[in-house]
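S.K.: Structure for the following, please:
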Amino acid sequence: MIGAIDAFTPENGGTVLYRGSHKWPSEWIQAVREAVARGEMSAAAEHRMQLAMPPGALCVFQGTLLHGGGANRTDAPRLAFTNQYCEPWARPQENFFLGVPKERVRKMSREMQILLGYELLPPANIMGQVSGYHPIKALDPDFVLPILR
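M.R.: The predicted structure follows:
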């Protein structure tokens, strides 16, 4: 899944997707990767598309779909977020807990904090703990993990 914080356009590097590539043999995928690495952008052109979507839009696709960032030919960044899970089970690819400074997270809405991982997962409400504590406690400036005392 890719979520657009800024608009995705061909000019600012909207993600490139290859329609149907999740069903291709691995040899085809490797050949396209090698061609693109050599700068041959015409590789599998009939399957290539570049995402164009407004801020707030989501694109959901299988992780096995051949995809990659497009070239940003503007002077401004293109911000987005992804939510991906990789083996082992339920491990996020991006560790948002560590990637967003706590000072910024403290100023966010509770809903945004939950989306970043500052919540326990039902039904048992144990997955996501920080040393046995609810993860929201980690945002308290005075919170010190018991193992660090």
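S.K.: what does stretch 65-74 contact?
M.R.: Contacts of stretch 65-74 with the rest of the structure, by Cβ atoms under 8 Å, 6 or more residues apart in numbering, involve 10-18, 21-22, 24, 29, 32-33, 36, 50, 61, 78. C-beta here means a position set from N, CA and C on the backbone, and glycine is covered the same way.
S.K.: How far off centre is the longest helix anywhere in the chain?
M.R.: Counting by DSSP state H, the longest helix found in the chain is helix 26-37. Here the centre of helix 26-37 is set off from its chain's centre by 23 Å, with Cα atoms, centre = their mean, to the nearest Å.
S.K.: Buried subset of the contacts of stretch 65-74, written for ChimeraX?
M.R.: Buried residues within the contacts of stretch 65-74, by 16 or more other Cβ atoms under 10 Å, are selected in ChimeraX with:
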select :11,12,13,14,15,16,17,18,21,24,29,32,36,78
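S.K.: remind me which residues of this protein are low pLDDT?
M.R.: Where the chain drops to pLDDT under 70, the residues are 84-93, 123-124, 148-149.
S.K.: quick one: the strands in it?
M.R.: 2-4, 16-18, 48-50, 58-59, 67-68, 80-82, 85-86, 91-92 (DSSP state E).
S.K.: partner strands of the first one, parallel or antiparallel?
M.R.: Paired with strand 2-4 in the same sheet, following DSSP bridges, are strand 58-59 (antiparallel), strand 80-82 (antiparallel).
S.K.: what comes into contact with it?
M.R.: Contacts of strand 2-4 (Cβ under 8 Å, 6+ apart): 15, 51, 53-59, 80-83.
S.K.: Now do the domain split for the protein, please.
M.R.: By the assignment in automatic domain parsing, the chain contains the domains 1-85, 95-149.
S.K.: Just name the most buried of the ones you listed.
M.R.: domain 1-85 (a mean of 14; mean count of other Cβ atoms under 10 Å).
S.K.: how distant is that domain from the center of its chain?
M.R.: Distance, centroid of domain 1-85 to centroid of chain: 13 Å (Cα atoms, centre = their mean).
S.K.: begin at 13 from here
M.R.: Sure, I'll start counting at 13 from here, so that last one is domain 13-97.
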